[in-house]
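Asks: sequence first, predicted coordinates after that:
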Amino acid sequence: MSVRTIVKSIQDIMRQDTGVDGDAQRISQLCWMFFLKIIDDQDQELETFDDRYRSPIPTKYQWRHWAADPEGITGEALMAFVNTDLFPTLKNLPASGAGNRSRVVRDVFEDAFNYMKSGQLMRQVINRISGVDFNDLAERQHFGDIYEQLLNDLQSAGNAGEYYTPRAVTAFMVERIDPHPGEILFDPACGTGGFLTCALRHMRDHYVKRPEDEAKAQSGLRAVEKKQLPHMLCVTNMLLHGIEDPSFVRHDNTLARPYVSYGTSDRVDIVLTNPPFGGREEDGIESNFPAPFRTRETADLFLALIVRMLKPGGRAAVVLPDGSLFGEGVKTRLKEALMEECNLHTIVRLPNSVFRPYASIGTNLLFFEKGTPTKDIWFYEHRVPEGQKAYWALHPRRWVMPRGLGISRCAQHETEDQQKT
């Protein structure tokens, strides 16, 4: 049975379970189960090559011991084991033992939830998942493609769509920024990890020639995600892309740390991100920022922090809504600071439909470098293909961003003119 057929059959089984309601819950349920299978396959491979290695998961709770047997526990016994034994244990794993991998497991399960109510249906799902060998490179790569499609399904899963940036957008931004192994790349609101996987793929395709290059590429990744579901999806995504230690993906709120506490040691070479916009941060977060930048608008706070965190010569590509560019008050001060401290050399205007259905406001891709003030800004407009009304009406694999800067060029404005806008 092909991997695609296995995944489809799992989704069909879950639709029969009365506890799983909608795409977001179905993907969340799939994710923690796939996570346990993937990490157990990795553990077995690591144990083969390193006699000293020990899995972060106690023996009783390893996939191979409770799930791999197709005739294993099922029904009420399986549900009792998962809900009252497996989850509490993994949520409270000690930080010692397998070190970072132990913390990764604990963070993934910290707020995870088992939505399924039927032990018989869960056993069927488990048996299907056991049919995928994640140590088989070809199977893992094929499943990685299918996982990307599952993440894309989040766009139609209500509010969960905010966690996903269309892969054509992330690939275009990564191509323009051109990350190299050895550079520190940071996504302060990483969602499901699209920028991380695109950057890793870009480096592997262009610059990774030796094992040392791969080690540098992986060790330079940094990411933070505030919410549990996208954090779990992101960590699983990293495992699927061959990263043994995804502990660099922290489950935290980047904005909760005081702005002034980000010092020289926190500076990064690259920021690639699509920060949440249209939302407001919890009370008190704005007090972490200097008075001129205080606001509860999430996207504005992230922009201020990104400028601070870039090293001199560092570069960034950021998705921001129209309001961040053309608003008044704090937004004006943020724009002035950005243009004084950075060379905002390119803005790409996207069609309103790119982030539908969960958002339909105007968005822009900002490309800038830290260290010199802005002199000229190139504006580009990327339009919906002729004959189409909106991107959301297209199958996601049928549209791509133009390569290079082959986008319709709208205008070039001097800095003084832009400041009047």
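Replies: Great, that's in hand.
Asks: which SS state does G182 fall under?
Replies: coil (DSSP: H, G, I helix; E, B strand; the rest coil).
Asks: low-confidence ranges in the stretch 1-150 of the chain?
Replies: 1, 95-99 (pLDDT under 70).
Asks: over to the stretch 251-400 of the chain?
Replies: Using pLDDT under 70, the stretch 251-400 of the chain drops low at 278-279, 353, 355-360, 387-400.
Asks: all strands for this structure, in order.
Replies: 185-187, 221-225, 249-251, 268-273, 310-321, 342-350, 363-370, 376-381, 408-414 (DSSP state E).
Asks: packing partners for the fourth one?
Replies: It stands for strand 268-273. Contacts defined by 3 or more C-beta pairs under 8 Å, 6 or more residues apart in numbering; DSSP states H and E place strand 268-273 against helix 167-177, strand 185-187, helix 194-206, helix 298-309, strand 310-321. Where C-beta positions appear, they are placed from N, C-alpha and C, glycine not excepted.
Asks: just the C-alpha atoms of it, please, in PDB.
Replies: Presented in PDB, the C-alpha positions along strand 268-273 are these (Å, rounded to 0.1, in the frame of the first residue of the first chain):
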ATOM      1  CA  VAL A 268      20.900  36.600  13.800                       C
ATOM      2  CA  ASP A 269      22.000  36.700  10.100                       C
ATOM      3  CA  ILE A 270      18.600  36.100   8.600                       C
ATOM      4  CA  VAL A 271      14.900  36.500   9.600                       C
ATOM      5  CA  LEU A 272      12.300  34.800   7.500                       C
ATOM      6  CA  THR A 273       8.800  35.000   8.900                       C
END
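Asks: mind listing what that strand pairs with, with the direction of each?
Replies: When sheet partners are counted by DSSP bridges, strand 268-273 sits next to strand 185-187 (parallel), strand 310-321 (parallel).
Asks: would you format those strands as JSON lines with mean neighbour count and distance to E214 included?
Replies: Output for these, formatted as JSON lines (neighbours: other C-beta atoms under 10 Å; distance: least, C-beta to C-beta, whole Å):
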{"stretch": "strand 185-187", "mean neighbour count": "25", "distance to E214": "15"}
{"stretch": "strand 310-321", "mean neighbour count": "20", "distance to E214": "22"}
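Asks: G371 is nearest to which of the ones you listed?
Replies: strand 310-321 (4.4 Å; C-beta to C-beta).
Asks: still on that earlier bit, dump the strands paired with strand 268-273 to a markdown table, plus distance to R250.
Replies: Putting these into a markdown table (distance: least, C-beta to C-beta, whole Å) gives the following:
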| stretch | distance to R250 |
| --- | --- |
| strand 185-187 | 11 |
| strand 310-321 | 19 |
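Asks: could you dump the helices and strands packed on strand 268-273 to CSV with distance to F134?
Replies: Below are the helices and strands packed on strand 268-273 laid out as CSV (distance: least, C-beta to C-beta, whole Å):
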stretch, distance to F134
helix 167-177, 21
strand 185-187, 24
helix 194-206, 16
helix 298-309, 34
strand 310-321, 31
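Asks: tell me which of the ones you listed sits most buried.
Replies: Ranked by mean neighbour count, the helices and strands packed on strand 268-273 are led by strand 185-187 with a mean of 25 (mean count of other C-beta atoms under 10 Å).
Asks: count the neighbours of the residue nearest to D322 when sequence neighbours are not counted for me.
Replies: Spatial nearest neighbour of D322, excluding adjacent residues (C-beta to C-beta, 6 or more residues apart in numbering): G362 at 4.0 Å. G362 has 15 neighbouring residues, counting by other C-beta atoms under 10 Å.
Asks: how much space separates F293 from E45?
Replies: Separation of F293 from E45 (C-beta to C-beta, to the nearest Å): 47 Å.
Asks: got the domain boundaries for this structure?
Replies: 3-132, 150-420 (automatic domain parsing).
Asks: returning to that earlier point: a markdown table please, covering the strands of the chain and showing distance to L239.
Replies: Output for the strands of the chain, formatted as a markdown table (distance: least, C-beta to C-beta, whole Å):
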| stretch | distance to L239 |
| --- | --- |
| strand 185-187 | 17 |
| strand 221-225 | 13 |
| strand 249-251 | 10 |
| strand 268-273 | 20 |
| strand 310-321 | 25 |
| strand 342-350 | 31 |
| strand 363-370 | 29 |
| strand 376-381 | 36 |
| strand 408-414 | 40 |
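Asks: nearest to R280, out of those strands?
Replies: strand 310-321 (13.4 Å).
Asks: now do that closest one: distance to the chain's middle.
Replies: Strand 310-321 sits 17 Å away from the centroid of its parent chain (C-alpha atoms, centre = their mean, to the nearest Å).
Asks: quick check: nearest residue in space to I243, chain neighbours excluded?
Replies: Counting by C-beta to C-beta, 6+ apart, the residue nearest I243 is Q218, at 5.7 Å.
Asks: list the residues that contact the one you found.
Replies: 200, 243, 245 (C-beta atoms under 8 Å, 6 or more residues apart in numbering).
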